[in-house]
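Peer 1: have a look at this prediction, sequence included:
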Amino acid sequence: MQPGSGFGKRASAPVGGYAPTAPNARPWAAERAPGPRETAWLARPEPAASPAARVAPTIDRGLPVLTVGLLALLAIVFFLENAFALSPAAMLTPGYGTQVALGADGRDLVVRDGEWWRMVTACLLHGSPGHIIGNSIVLFFTGWYLERLVGRAWFGAAFVIGGLGGSIAALLMNPHDMVGVGASGAIMGLLATAFVCSFHVEAYEGRGKAQRRIAFQVLPALIPSHGGGGGGAVVDYSAHAGGAIAGVALGFLILALWPETQARPMLRRWAMGVGLAGAVAALAGGVCVAATYPAHRARVAGFIPDNENPRDMKGAIAQSAGLAAAYPKDPRAHFYRAIYFETNGNLDGAIDELRTGLADPAAFSIDLPPIYKPYMQLALADALLEKGRTDDARQSVGDACDYPFFGQAPTKLVRKLQDHDICPER
């Protein structure tokens with residue numbers, strides 16, 4: 001959404017009062033001359049419109065200071081993500097472990113581990129340059145419109161409430177071990193609030209253009225597509241939906257508190273309190289991140305650095321021997337080595353490597369993307385089936401068949417597991 005040339009303009013019309021025509025324009029004036037009492041009445045000056053009846057201009061032409069401040073904050077946080085990465089980041093893309101260490105949210109992390117502050121800190125983190133650039137562009141144009149429309153206090157409240165709504169929806173709707181980062185939930189809240197509040201400006205000539213631009217941003221963000229984000233990331237539509245729902249609800253609340261006779265919604269001090277509470281929660285989250293960061297760094301000390309992790313399976317197979325020798329603690333190194341052995345017909349070697357890699361379940365829930373665990377379980381079950389060990393395969397598959405991304409496994413493997421009654425058909 002970009003600021004249009006119509007921003008700041010609205011039609012003017014008399015509100016209340018009256019505007020009597022000239023005496024010679026009245027039908028009765030042509031029939032007889034007005035008497036003294038009538039002459040005095042006609043000479044009486046027109047009463048001024050009541051100040052309370054005038055509608056003040058709605059769009060402020062000033063700089064949206066809070067929007068600029070939020071953009072600066074997101075840029076600083078992204079710089080810190082790369083400066084304090086647990087391992088050197090490839091292409092300025094902080095790895096999964098870094099994101100978890102610096103405040104990413106997820107149901108296991110928030111509910112199971114009691115780290116509530118992640119619901120706030122996750123809204124300030126981003127996974128890649130493209131991620132933060134895209135969000136910053138939308139935040140700038142949305143803030144350019146909304147902050148000048150409702151004022152700084154309500155804009156800050158909308159950002160906080162949208163971010164909280166996105167985090168809550170992600171915790172409720174996403175898999176328990178899925179983590180997420182990004183300000184898109186908060187930005188979706190701003191977009192939804194802006195769309196609802198735009199209906200307050202009945203005579204504003206740029207309203208339709210603003211609504212179309214908002215809809216152009218909101219609808220694609222709510223409709224799932226087959227493509228995910230770069231680097232294996234996926235779009236968190238649940239966070240988008242949660243932010244949008246929270247934004248719509250807040251927008252209707254603002255309309256209810258916004259008389260047509262006032263330039264800004266009422267209860268601005270309450271809105272400021274919400275924004276300040278969000279700022280305090282973010283500061284508290286930063287303190288918690290600083291307190292838990294050393295433990296995360298110590299835990300991933302023997303893991304493959306992000307900039308050394310192969311980008312495709314062909315490279316992983318080729319480097320598997322060196323990675324397994326250099327990083328025996330990292331389950332990914334054993335997974336890559338197992339694929340090498342299986343590709344070369346050494347099923348016993350593949351089974352041993354997979355069992356070694358799966359020996360530390362905690363590594364998958366905190367330090368590595370959780371999808372590695374079900375993939376390794378499926379690979380182990382496949383190798384055991386090839387060896388004719390069906391019972392062992394059924395026992396080793398664990399809960400991999402129930403994982404949400406099970407359908408993305410190779411079709412041949414899925415069919416094999418279903419034919420042996422290891423995984424149910426869907």
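Peer 2: Here it is on my side, so go on. Numbers count the residues shown, from 1 in each chain.
Peer 1: make it CA atoms for all contacts and neighbour counts henceforth
Peer 2: Will do.
Peer 1: using CSV, write out the CA atom coordinates for stretch 272-290.
Peer 2: Extracted C-alpha coordinates of stretch 272-290, given in CSV (Å, rounded to 0.1, in the frame of the first residue of the first chain):
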residue,chain,number,x,y,z
MET,A,272,-0.9,4.1,24.8
GLY,A,273,-1.0,1.8,27.8
VAL,A,274,-1.3,-1.2,25.6
GLY,A,275,1.6,-0.1,23.4
LEU,A,276,3.8,0.6,26.5
ALA,A,277,2.9,-2.9,27.9
GLY,A,278,4.0,-4.4,24.7
ALA,A,279,7.3,-2.5,24.9
VAL,A,280,7.9,-3.6,28.4
ALA,A,281,7.1,-7.2,27.5
ALA,A,282,9.6,-6.9,24.6
LEU,A,283,12.3,-5.6,27.0
ALA,A,284,11.6,-8.4,29.5
GLY,A,285,11.9,-10.9,26.6
GLY,A,286,15.2,-9.4,25.7
VAL,A,287,16.4,-10.0,29.2
CYS,A,288,15.2,-13.6,29.1
VAL,A,289,17.0,-14.2,25.8
ALA,A,290,20.2,-12.9,27.2
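Peer 1: what residues does that stretch touch?
Peer 2: Stretch 272-290 has contacts (Cα atoms under 8 Å, 6 or more residues apart in numbering) with 101-103, 117-118, 120-121, 153-154, 156-157, 159-160.
Peer 1: take those and keep only those in helices.
Peer 2: With DSSP state H as the criterion, helices contain 101, 118, 120-121, 153-154, 156-157, 159-160 from among the contacts of stretch 272-290.
Peer 1: isn't Phe96 right up against Ile371?
Peer 2: That one is not Phe; residue 96 is Tyr. No - using Cα atoms under 8 Å, Tyr96 is not in contact with Ile371, being 11.5 Å away.
Peer 1: more neighbours, those two?
Peer 2: Legend: neighbour count by other Cα atoms under 10 Å for Tyr96 and Ile371, higher for Tyr96 (21 against 17).
Peer 1: need phi/psi at the more buried one.
Peer 2: phi -60, psi -50 (degrees, to the nearest 10).
Peer 1: what residues are up against it?
Peer 2: Taking Cα under 8 Å, 6+ apart, one finds 367-369 in contact with Tyr96.
Peer 1: show me the protein divided up by domain.
Peer 2: 23-53, 65-299, 313-419 (automatic domain parsing).
Peer 1: can you tell me the element Pro310 falls in?
Peer 2: Using DSSP states H and E, Pro310 is not contained in any helix or strand.
Peer 1: ok, now which ones touch it?
Peer 2: Neighbours of Pro310 in contact, by Cα under 8 Å, 6+ apart: 316, 319.
Peer 1: where's it relative to Gly322, distance?
Peer 2: 12 Å (Cα to Cα, to the nearest Å).
Peer 1: again with Gly189
Peer 2: In terms of Cα to Cα, Gly189 sits 47 Å off from Gly322.
Peer 1: do the same with Glu308
Peer 2: According to Cα to Cα, Glu308 stands 11 Å off from Gly322.
Peer 1: on the three-state scheme, the residue nearest to Leu109 when sequence neighbours are not counted is what?
Peer 2: Leaving aside its sequence neighbours, Leu109 sits nearest to Glu115 (Cα to Cα, 6 or more residues apart in numbering; 6.1 Å). Secondary structure, DSSP: H, G, I helix; E, B strand; the rest coil: Glu115 is coil.
Peer 1: can you count the residues close to Glu115?
Peer 2: With neighbours defined by other Cα under 10 Å, the count for Glu115 comes to 18.
Peer 1: next: the one 10 residues further on.
Peer 2: By the other Cα under 10 Å criterion, the neighbourhood of Leu125 contains 25 residues.
Peer 1: and Phe341, by the same measure?
Peer 2: Residues near Phe341, counting by other Cα under 10 Å, number 20.
Peer 1: shouldn't it be within a strand?
Peer 2: No - assessed with three-state DSSP, Phe341 is helix; it does not lie in a strand.
Peer 1: measure Trp117 to Cys123 for me?
Peer 2: Look at Trp117 and Cys123: by Cα to Cα, they are 11 Å apart.
Peer 1: and these two? Which one has more around it.
Peer 2: More crowded of Trp117 and Cys123, by other Cα under 10 Å: Cys123, with 28 against 21.
Peer 1: return the residues in contact with that one.
Peer 2: With contact taken as Cα under 8 Å, 6+ apart, Cys123 is in contact with 163, 167, 181-186.
Peer 1: again, but for Ala350
Peer 2: With contacts defined as Cα under 8 Å, 6+ apart, Ala350 is in contact with 337-342, 380, 383.
Peer 1: which one (most neighbours) among the residues you listed?
Peer 2: Ala338 (30 neighbours).
Peer 1: pLDDT score for the residue nearest to that one when sequence neighbours are not counted?
Peer 2: Distances taken as Cα to Cα, 6+ apart place Ala350 nearest to Ala338, at 4.0 Å, with adjacent residues excluded. The per-residue pLDDT reported for Ala350 equals 94.
Peer 1: could you identify the helix or strand that succeeds the helix or strand harbouring Ala350?
Peer 2: Ala350 is part of helix 347-357, with elements assigned from DSSP H and E. Using DSSP H and E, the helix or strand that follows helix 347-357 in sequence is helix 362.
Peer 1: mind listing residues that contact that following helix?
Peer 2: Counting by Cα under 8 Å, 6+ apart, no residue outside helix 362 touches it.
Peer 1: after it, which helix or strand is next? Please name it.
Peer 2: If you walk from helix 362 toward the C-terminus, the next helix or strand you reach (DSSP H and E) is helix 372-386.
Peer 1: tell me what that next one is packed against?
Peer 2: For helix 372-386, the packing partners by 3 or more Cα pairs under 8 Å, 6 or more residues apart in numbering; DSSP states H and E come out as helix 331-343, helix 347-357, helix 390-396.
Peer 1: what mean pLDDT does the shortest one get?
Peer 2: Looking back up the chat, that one is helix 390-396. So the average pLDDT for helix 390-396 ends up being 89.
Peer 1: which helices and strands sit right next to that helix?
Peer 2: Packing partners of helix 390-396 (3+ Cα pairs under 8 Å, 6+ apart): helix 372-386.
Peer 1: buried set for the helix it packs on?
Peer 2: 372-385 (16 or more other Cα atoms under 10 Å).
Peer 1: that'll do, ta.
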